[in-house]
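> Fold the following, please.
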Amino acid sequence: MNNNAIAERYAGALFNLASEQRQEARFGSVLDDIEQIAKEHPDFMRIMKHPVVRREDKKTLLTQLFAGKVPDEVLNFLYLLVDKKRENILTDIIPVYRKLLNAHNKTVITDVTTAIPMFKKTQAILQKQLEGYLGQQVVMNCNTDPEMLGGVMIKVGDRLIDGSLKTQLSEMAQNLVSKS
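The predicted structure is shown next:
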């Protein structure tokens, strides 16, 4: 079984536990914090993934870092990962859990790229239009890419809506070349 399938199983199990307790968002927030710690302190994940570090030492580290700061269920989940030698997929589990949480909340994450930063009013209008189109709450991650020249690119999951001026000019050039 590959790591994605394993991560999906563990994330699903944690999400089910969170759902039973109506703590989906709280567990998600804790996992986001753990992910941030892993990014800011690479030694944390290096220790967690290292095969020579004993399980007891990994659990002690988790206890020192998280006991009393995270729900006991999340801490026990981290212990379970260590016991099952799955601590190496912790960073794979977190985005899967986030997807489950977003689906539960009927929220979709979009990546919106424009050539220049959008005004807040323009963002609000685009968000409202996307929510109407998708029928779900939309969270937009706005980015800029000056090479686009103008227009907008919207990525929703595996779908891409490309309304960039750069792409339109490229298509126009291809049409002109093919007609000559």
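
> how close does the most centrally placed residue in the chain sit to Ser29?
For the chain, Pro95 is the residue whose C-alpha lies nearest the centre (C-alpha atoms, centre = their mean; 4.3 Å). With distances taken as C-beta to C-beta, to the nearest Å, Pro95 is found 14 Å from Ser29. Where C-beta positions appear, they are placed from N, C-alpha and C, glycine not excepted.

> what's the following helix or strand after the particular helix or strand that has the residue nearest to the centre of the chain in it?
Using DSSP states H and E, the secondary-structure element containing Pro95 is helix 90-104. Of the helices and strands lying after helix 90-104 in sequence (DSSP H and E), the nearest is strand 107-114.

> who's in contact with that following strand?
Contacts made with strand 107-114 from outside it, assessed by C-beta atoms under 8 Å, 6 or more residues apart in numbering, are listed as 102, 118, 123, 126, 130, 134, 136-145, 148, 151-157, 164.

> Point out the ones among these that are inside strands.
When DSSP state E defines the strands, the subset of those inside them is 137-144, 151-156, 164.

> what's the burial count for Gly28?
A total of 21 residues lie near Gly28 under the criterion other C-beta atoms under 10 Å.

> from memory it sits against Arg98, does it?
Yes. If you go by C-beta atoms under 8 Å, Gly28 and Arg98 touch, sitting 6.3 Å apart.

> now the helix or strand of the chain with the lowest mean pLDDT: how far from the chain's centre is it?
Every helix and strand in the chain was compared by mean pLDDT, DSSP states H and E; the lowest is helix 165-179, with a mean of 83. Its chain's C-alpha centre and that of helix 165-179 lie 35 Å apart, by C-alpha atoms, centre = their mean, to the nearest Å.

> what does stretch 18-25 give?
On the basis of C-alpha atoms, centre = their mean, the separation between the geometric centre of stretch 18-25 and that of its chain is 19 Å.

> Sketch out the low-pLDDT regions of the chain for me.
Within the chain, the segments meeting pLDDT under 70 span 1, 180.

> please redo it, this time with the cut-off set to 90
Low-confidence segments of the chain, defined by pLDDT under 90, are located at 1-4, 51, 103, 105-107, 109, 115, 133-136, 139, 146-151, 156-180.

> From start to finish, how long is stretch 131-145 in a straight line?
Taking C-alpha to C-alpha, to the nearest Å, the span from the opening residue of stretch 131-145 to its closing residue is 24 Å.
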